[in-house]
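Peer 1: build me a model:
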Amino acid sequence: MVSSLPAVAARVSDTLIARGHHGVIVTQDEPTHTAAEAAQALGVEVGAIAKSLVFLLDEDPVLLLVSGEHQVDLTRTGERLQGTLTRAPATMVREVTGQPIGGVAPVGHPANLSTYVDNALSRHRELWAAGGHPNTVFRTSFTELVRITAGLAIDVD
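Peer 2: Numbers count the residues shown, from 1 in each chain. All right, here's what the predicted structure looks like:
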């Protein structure tokens, strides 16, 4: 089967399927650069956008899947994770995810990252996350997102 998806998004789709998700990646006409833009393009609330953000917890890269309505308070969230939380440099984000910033998906990375999922996402029946490329997304739910990422649900400030 020939895929019209960018290779990185096809890898995300394959990973989703391997983890029991339907694997459907939606390609948008234009990339969205913010959660608000993604929400507008999809016709959903900004809180239903699951942002994939890479941080360093002490010195280890971790993935936080955060509601589009939240900014991460590094001090409080770091305390919850029992360490010091800092933003990962862009070069590290690309290295550990294999995906460009603005399109980082919750899955499909070269190696599994410890993943934490914002409990605020559970308020939405349907969630949308990036599909590995800036103009790709996929639909999921909170329960499914926690399952396919082997993530730990936490409160994110």
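
Peer 1: which stretches of the protein form strands?
Peer 2: Taking DSSP state E, the strands of the chain run over residues 26-27, 49-57, 60-67, 85-87, 114-118, 127-130, 136-140, 152-154.

Peer 1: how far off centre is the last one?
Peer 2: Here strand 152-154 is found 14 Å from its chain centre; the criterion is C-alpha atoms, centre = their mean, to the nearest Å.

Peer 1: single out the most deeply packed of the strands of the chain.
Peer 2: strand 127-130 (a mean of 26; mean count of other C-beta atoms under 10 Å). For every residue, glycine as well, the C-beta is placed using N, CA and C.

Peer 1: show me what that strand is packed against.
Peer 2: Applying 3 or more C-beta pairs under 8 Å, 6 or more residues apart in numbering; DSSP states H and E, one finds that strand 127-130 contacts strand 49-57, strand 136-140, helix 142-149.

Peer 1: list the strands paired with that strand, with their directions.
Peer 2: Using DSSP bridges, strand 127-130 pairs in its sheet with strand 49-57 (parallel), strand 136-140 (antiparallel).

Peer 1: and His70, which of the helices and strands packed on strand 127-130 is closest to it?
Peer 2: strand 49-57 (8.2 Å; C-beta to C-beta).

Peer 1: mind checking pLDDT for Pro110?
Peer 2: pLDDT for Pro110: 96.

Peer 1: burial check on it, number of neighbours?
Peer 2: 11 (other C-beta atoms under 10 Å).

Peer 1: surely it is in contact with Gln99?
Peer 2: No - judged on C-beta atoms under 8 Å, Pro110 makes no contact with Gln99 at a distance of 9.8 Å.

Peer 1: mutual contacts of the two, please.
Peer 2: Contact criterion C-beta atoms under 8 Å, 6 or more residues apart in numbering; residues shared by Pro110 and Gln99: none found.

Peer 1: returning to that earlier point: could you dump the strands of the chain into CSV with distance to Val12 and mean pLDDT added?
Peer 2: Formatted as CSV, those follow (distance: least, C-beta to C-beta, whole Å; pLDDT from 0 to 100):
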stretch, distance to Val12, mean pLDDT
strand 26-27, 12, 94
strand 49-57, 11, 98
strand 60-67, 13, 98
strand 85-87, 23, 98
strand 114-118, 14, 98
strand 127-130, 9, 98
strand 136-140, 7, 97
strand 152-154, 21, 98
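
Peer 1: among the helices and strands packed on strand 127-130, which is nearest Glu95?
Peer 2: Nearest to Glu95, of those and by C-beta to C-beta, is strand 49-57 at 9.6 Å.
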